[in-house]
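Engineer: Could you look at this predicted model? Sequence included:
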Amino acid sequence: MTESDEWATVETVVEDDMDSTFERASSRRGPSGIEQSIFEQTLSVLTSINPWLLLFIALGVYYLVQKFRSSQVTNSAEYSNLSADEILARQEAVELARRQMQEEYDKKAREHAIKQKEKEELLRQEKLKNLEKYGTKLGRSSKTLATESSNDQLQQGVLKKKSDKPKLKPEYNPLMGDGSSGVCYRPTRRGGGAGGG
């Protein structure tokens, strides 16, 4: 025997024993590899988030679940105590309320339609009066004539206001100077700043 043979030992293992040992070990460990990786990813995300935010999210979910459960319990308890006649009476009351609301809506719609027709009739009569008053002045409508007359009145008012103001000197022009000295206004040059840059 050589020195390398002394250091190596070989054991024979029966495959059935190996499979049962693996199954026992995996059942003791818990979830499988996929479940473990999902759990680890979820845990890492949750630990990276602000803990106060997690607390508020948890409280919100708890509140919504409790509210949902309580509404289901009250609805089921409410209808479980009623007899068939009471349920029928409730449905008839709901149907009656719906009919009344629909009738009220229809009534308001009819009133609105009547008001609209009255407005249209008033506009038509006004147009007829304007047509009789002004005639057919080059096919213009009463609205354009009314706006033109109001514009003329505004222009006349502006002209009156302008003419009321006295002028200081009729020959005065601020850009030309006094007129006595030969100096007149000249704007400064628009050059860039001096110096290297």
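Structural biologist: Happy to help now that I have it.

Engineer: any idea which element residue 88 lies in?
Structural biologist: Applying DSSP states H and E as the criterion places residue 88 in helix 84-134.

Engineer: could you say what helices and strands that helix packs with?
Structural biologist: On a contact count with 3 or more CB pairs under 8 Å, 6 or more residues apart in numbering; DSSP states H and E, helix 84-134 meets helix 142-164. (Each C-beta comes from the backbone N, C-alpha and C, glycine too.)

Engineer: Show the subsequent helix or strand relative to the helix or strand of the chain with the lowest mean pLDDT.
Structural biologist: Among the helical and strand segments of the chain, the one scoring lowest on mean pLDDT, DSSP states H and E is helix 15-29, with a mean of 56. Sequence-wise, the next helix or strand downstream of helix 15-29 (DSSP H and E) is helix 33-48.

Engineer: Name the residues of that next one that are buried.
Structural biologist: For helix 33-48, a neighbour-count test (16 or more other CB atoms under 10 Å) marks nothing as buried.

Engineer: Past it, which element shows up next along the chain?
Structural biologist: Next along from helix 33-48, by DSSP H and E: helix 51-80.

Engineer: And that following helix, what's buried?
Structural biologist: Buried-residue list, helix 51-80, by 16+ other CB under 10 Å: empty.

Engineer: Okay, angle between that helix and helix 33-48 too, please.
Structural biologist: 110 degrees (axes from the mean of the first three to the mean of the last three CA atoms, to 10 degrees).
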